[in-house]
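Visitor: the sequence isn't on hand, but the structure is:
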Ligand code: BEZ
């Protein structure tokens, strides 16, 4: 008994400096993002944005110097569980930031929930992450797939369209953006007459474009992103559809892609929580700093990376760098107003941004703001119990 008591005391004494080191040593951030494949550029922009905010804070968050471990997740859901487990168990990261692809993010959310690891999702919109899979230690700095889809459903109905074809990759992001779109569009009296799909990340669009031409809808709603979005917009124009059947989409269709899409994207209307011409002091300062640091113009992905770091900073400031204080970390974010380049946003009860969704139009190399399509739009957080 005495031996047992001594062992317990010794263990507690040993544990104390460890707990202390956890809140005062370097902060290990695991960046799990695509560096290859159709979403590679999105991963780079998120990484750039995250590091920019940290650099602006002198390289420290919550009083701790930030150190990075980066993993290329290849936008492959089949490798996601192994990849995040390596970050948590082998690299001992304090927090994981990732990823872009909804399927990857759902696998990550499961591990984060099971292990209690702090996770900030800087893009992937999988509704489940802030729905049935929600958890006190999981946050998103981007959007839910429902949000920009729903906003476009309202916007296209207002334009007077009634018969629409949807087209997307067949996986959670495409399915859920179309579902959000359909919810708002049918509520406003419109009809989705055909849903077209192809597997992610295929870009053989020809047969589907022929189908659209034969169906002759009033308009088309699309979700593609990254390299796939570049090819889809170019193929749509090359098929001669652009002038007769207007193409709309969530803003991923034209964000970070305009250089490559050139005039084929001109005039396209999309919905997203960021635009290139907000012209607010906050966004202008961010755009200038980003351009100076990377010799590139930022896009929505860069903003989401930047805001993931801001959210981490807010939570860490409240717990003085101790990521173990999860309840206090979450409480700080739930009452925060995040001063984003996109415009200030708050965090919903299920930990998703409550934010304005802009209607944007491509003018030259910019997604310019036409107006606010849905103000302070909150994801319904269906199925979230926390
Ligand atoms: C997604 O898989 O959630 C996603 C990927 C790229 C852009 C937007 C959403």
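Guide: Here it is on my side, so go on. Everything numeric in this text was worked out from a predicted model, so none of it was measured.
Visitor: what's the first-to-last distance across stretch 84-97?
Guide: Terminal residues of stretch 84-97 lie 10 Å apart, using CA to CA, to the nearest Å.
Visitor: got a list of contacts for it?
Guide: By CB atoms under 8 Å, 6 or more residues apart in numbering, the residues outside stretch 84-97 that reach it are 22, 27-33, 46, 50, 69, 71, 98, 107-108, 111-112, 115, 117-122, 305, 308, 312, 323. Bear in mind the C-beta positions are built from the backbone N, C-alpha and C, glycine included.
Visitor: of the residues you listed, grab the buried ones for PyMOL.
Guide: To isolate the buried ones among the contacts of stretch 84-97 in PyMOL, judged by 16 or more other CB atoms under 10 Å, type:
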select buried, resi 22+27+28+29+30+31+32+33+46+50+69+71+98+107+108+111+112+117+118+119+120+121+122+305+308+312+323
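Visitor: in strands, which of the contacts of stretch 84-97 appear?
Guide: Those of these mapping onto strands are 27-33, 69, 71, 118-121, per DSSP state E.
Visitor: can you put those in JSON lines and add pLDDT and distance to residue 278?
Guide: Shown next, in JSON lines, are these (pLDDT from 0 to 100; distance: CB to CB, whole Å):
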{"residue": "27", "pLDDT": "98", "distance to residue 278": "31"}
{"residue": "28", "pLDDT": "98", "distance to residue 278": "34"}
{"residue": "29", "pLDDT": "98", "distance to residue 278": "28"}
{"residue": "30", "pLDDT": "98", "distance to residue 278": "31"}
{"residue": "31", "pLDDT": "98", "distance to residue 278": "26"}
{"residue": "32", "pLDDT": "98", "distance to residue 278": "29"}
{"residue": "33", "pLDDT": "98", "distance to residue 278": "25"}
{"residue": "69", "pLDDT": "98", "distance to residue 278": "33"}
{"residue": "71", "pLDDT": "98", "distance to residue 278": "32"}
{"residue": "118", "pLDDT": "98", "distance to residue 278": "30"}
{"residue": "119", "pLDDT": "98", "distance to residue 278": "28"}
{"residue": "120", "pLDDT": "98", "distance to residue 278": "23"}
{"residue": "121", "pLDDT": "99", "distance to residue 278": "23"}
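Visitor: around the ligand, which positions in the stretch 1-150 of the chain sit nearby?
Guide: Contact residues, the stretch 1-150 of the chain versus the ligand (CB under 6 Å from any ligand atom): 39, 100, 101, 102, 123, 124, 125, 126.
Visitor: just the helices in this structure please.
Guide: 2-24, 40-56, 77-85, 102-115, 146-158, 172-187, 206-215, 226-238, 258-261, 281-294, 300-318, 326-334 (DSSP state H).
Visitor: to residue 378, which of the ones you listed lies closest?
Guide: Closest of the helices of the chain to residue 378 is helix 146-158, at 8.4 Å (criterion: CB to CB).
Visitor: ok, and the closest non-adjacent residue to whichever residue of the stretch 251-386 of the chain sits closest to the ligand?
Guide: Closest residue of the stretch 251-386 of the chain to the ligand, CB to the nearest ligand atom: residue 252 (4.3 Å). Leaving aside its chain neighbours, residue 252 sits nearest to residue 225 (3.8 Å; criterion: CB to CB, 6 or more residues apart in numbering).
Visitor: kindly report the same for residue 355.
Guide: residue 345 (4.2 Å).
Visitor: what about that neighbour, how many residues nearby?
Guide: For residue 345, the number of neighbouring residues by other CB atoms under 10 Å comes to 20.
Visitor: same question, residue 211
Guide: 13.
Visitor: do residue 129 as well
Guide: Neighbour tally, residue 129, other CB under 10 Å: 32.
Visitor: which ones are touching it?
Guide: So residue 129 contacts 105, 106, 109, 121, 138, 140, 144 (CB under 8 Å, 6+ apart).
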